[in-house]
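>>> Using only what follows, build the 3D model:
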Amino acid sequence: MARVGLNALVLRTDASYRNAGPSRYTASLVEAVLARPSEFEFTLFLNEQVHALPFEAARPARILRTKAPTSRTGVRVLWEHLLAPWHIAATRLEVVHSMLNVVPLAAPTRHVVTVHDLSFMRIPGAHPTHRRWYLTAATWLSARRAKAVLADSHATKNDVVELLGVDPKRVHVVYPGREAAFHPRPEASVQAFRHENKRDRPFVLFVGTLEPRKNIDVLVRAFGLVASNGFTGDLVIAGGSGWATEAIDAALADSPVRRRIHRIGYVKQEDLPSWYCAADLVVYPSSYEGFGIPVLEAMASGTPVITSKRSSLPEVAGDAALTVEPRDVSQLATAMTAVLGSPETRMAMRERGLAQSQRFDWMVAAERCLNLYRHALGPR
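Numbers count the residues shown, from 1 in each chain. This next block holds a predicted model:
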């Protein structure tokens, strides 16, 4: 059996903003890959904090858990480049799939790498300088080292080709899938959740890490306009604080309806589906995304979505969501008012969103990955 390593060091199970997009992508993809029949023997690389996988593995896999605290980004980077090559050689792995832009560059094997996005190149001001420098250099080198590059969307593939100069034939679009937990819930269950969480009024929901490119400050200002147009509900901002949140803090401090805006922090994975179902509208006005998982989660939950018309987001939303310019406060407020003021519009968006979400399937993604492992094992 061919030996394949799955570099899942980014996987987290704690309640922090790091247990967000890349972590959840990794967990879902690993679970789906292990669920598919294949000729491969798998080794999983996990950080020291992951004591148990957050799913029931359909087939056994060898676990290599680091002794070093690789849950910390800086330590993970050093471990991947200095120690991972030794472990890969010792376990005689023939292919290693790294799931966060960067491969262990000195490892004596063949590589597959997932590039989620190139936001650190497209909007450099949205990232700390040291992170931008490292990711730019390491992703550029990794994309050349890998036999196959996986992109979360066609928008990301185009960025990889344009900004990293990779041959388009080596870049493969593999869409993430929808998680089974996200689906419409009975009205009685939704109302009970609303009451339990003191959300008896209508509310608009944002889900995501609080960082500059998400444009939460724009959402806060747009919500103020929506409220002035007669909306009597609230805005709920769900997500852990990432970095550079000063603009968000300033927008909240200046908002005339700040008492109707609630930051609830990181939401546990088991509670997130209920938040989507309880919301009247999900707004995700990000300037740049490699995919945009909250848009898919909201659609799969049957909740109307307004998102950005930039990067991959129209690709994910299809015709199911309204799209706006991410920094246009007035345009976003107009769209929100239109959706919130029309039950017919919300119902039509709900039906289109449920249909659109069916396009994204983790089993399809896993089968494409298995085929790329086979490709990587082929002639050099």
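>>> Name all residues that make contact with residue 212.
Contacts for residue 212 (C-beta atoms under 8 Å, 6 or more residues apart in numbering) come out as 123, 125-126, 243-244, 247. Every C-beta, even on glycine, is put in place using the N, C-alpha and C of the backbone.
>>> For residue 142, which residues are in contact?
Residue 142 neighbours (C-beta under 8 Å, 6+ apart): 98, 101-103, 105, 111, 113.
>>> I'd like the distance between it and residue 205.
Residue 142 is 35 Å from residue 205, where distance means C-beta to C-beta, to the nearest Å.
>>> and if you look at residue 125?
Residue 125 is 27 Å from residue 205, by C-beta to C-beta.
>>> So if I had to pick from these two, which one is more boxed in?
Using other C-beta atoms under 10 Å as the criterion, residue 125 and residue 205 rank with residue 205 on top: 24 against 9.
>>> What residues does the more buried one make contact with?
236, 238, 275-276, 279, 281-283, 298, 303.
>>> Residue 144 too?
Residues near residue 144 by C-beta under 8 Å, 6+ apart: residue 166.
>>> please redo it, this time with the cut-off set to 7 Å
By C-beta atoms under 7 Å, 6 or more residues apart in numbering, the contact set of residue 144 is empty.
>>> Partner strands of the one helix or strand residue 236 maps to and their direction?
Using DSSP states H and E, residue 236 sits in strand 234-238. Note on strand 234-238: by DSSP bridges, its sheet partners are strand 203-207 (parallel), strand 261-265 (parallel).
>>> Quick one: mean pLDDT for the first one?
Computed over strand 203-207, the mean pLDDT rounds to 98.
>>> right, and the helix or strand after that strand?
Where DSSP H and E defines the elements, the next helix or strand beyond strand 203-207 is helix 216-228.
>>> go on, the last one?
For strand 261-265, the succeeding helix or strand toward the C-terminus, using DSSP H and E, is helix 272-278.
>>> gap between that next one and the chain center?
Relative to its chain's centre, helix 272-278 lies at 17 Å (C-alpha atoms, centre = their mean, to the nearest Å).
>>> again with stretch 372-380
27 Å.
>>> same thing with stretch 97-116?
Here stretch 97-116 is found 19 Å from its chain centre; the criterion is C-alpha atoms, centre = their mean.
>>> Same check on stretch 278-293?
10 Å.
>>> again with stretch 184-192
On C-alpha atoms, centre = their mean, the centre of stretch 184-192 falls 26 Å from that of its chain.
>>> In that stretch, which of the residues would be classed as buried?
Of all the residues in stretch 184-192, those buried under the rule 16 or more other C-beta atoms under 10 Å are 184-185.
>>> what does stretch 55-62 give?
Buried, per 16+ other C-beta under 10 Å, within stretch 55-62: residue 61.
>>> Stretch 332-346 now?
332-337, 339-340, 346.
>>> Now, these that are in helices?
The members of these that map onto helices under DSSP state H are 332-337, 339-340, 346.
>>> which residues of this structure score low on pLDDT?
For the chain, applying pLDDT under 70 flags the ranges 15-20, 380.
>>> care to break it down by domain?
As assigned by automatic domain parsing, the chain contains the domains 2-177+361-376, 187-357.
>>> now the helix or strand harbouring residue 350: how far from the chain's centre is it?
For residue 350, the host element (DSSP H and E) is helix 343-357. Centroid separation between helix 343-357 and its chain, computed with C-alpha atoms, centre = their mean, is 22 Å.
>>> Over to stretch 369-376?
With C-alpha atoms, centre = their mean, you get 23 Å for stretch 369-376.
>>> circling back: and the helix or strand just after the helix holding residue 350, which residues are buried?
Downstream of helix 343-357, the first helix or strand assigned by DSSP H and E is helix 362-376. Within helix 362-376, the residues scored as buried using 16+ other C-beta under 10 Å are 362, 365-367, 369-370, 372-373, 376.
>>> After the strand holding residue 236, which helix or strand is next?
Downstream of strand 234-238, the next assigned helix or strand under DSSP H and E is helix 246-254.
>>> CA atoms only for that following helix - export them in CSV, please.
Taking Å, rounded to 0.1, in the frame of the first residue of the first chain, the C-alpha atoms of helix 246-254 are listed here in CSV:
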residue,chain,number,x,y,z
GLU,A,246,-9.2,49.0,15.8
ALA,A,247,-11.6,50.0,12.9
ILE,A,248,-14.3,47.6,14.3
ASP,A,249,-13.9,49.1,17.8
ALA,A,250,-14.2,52.6,16.4
ALA,A,251,-17.2,51.8,14.4
LEU,A,252,-18.9,50.3,17.4
ALA,A,253,-18.1,53.2,19.6
ASP,A,254,-19.5,55.7,17.0
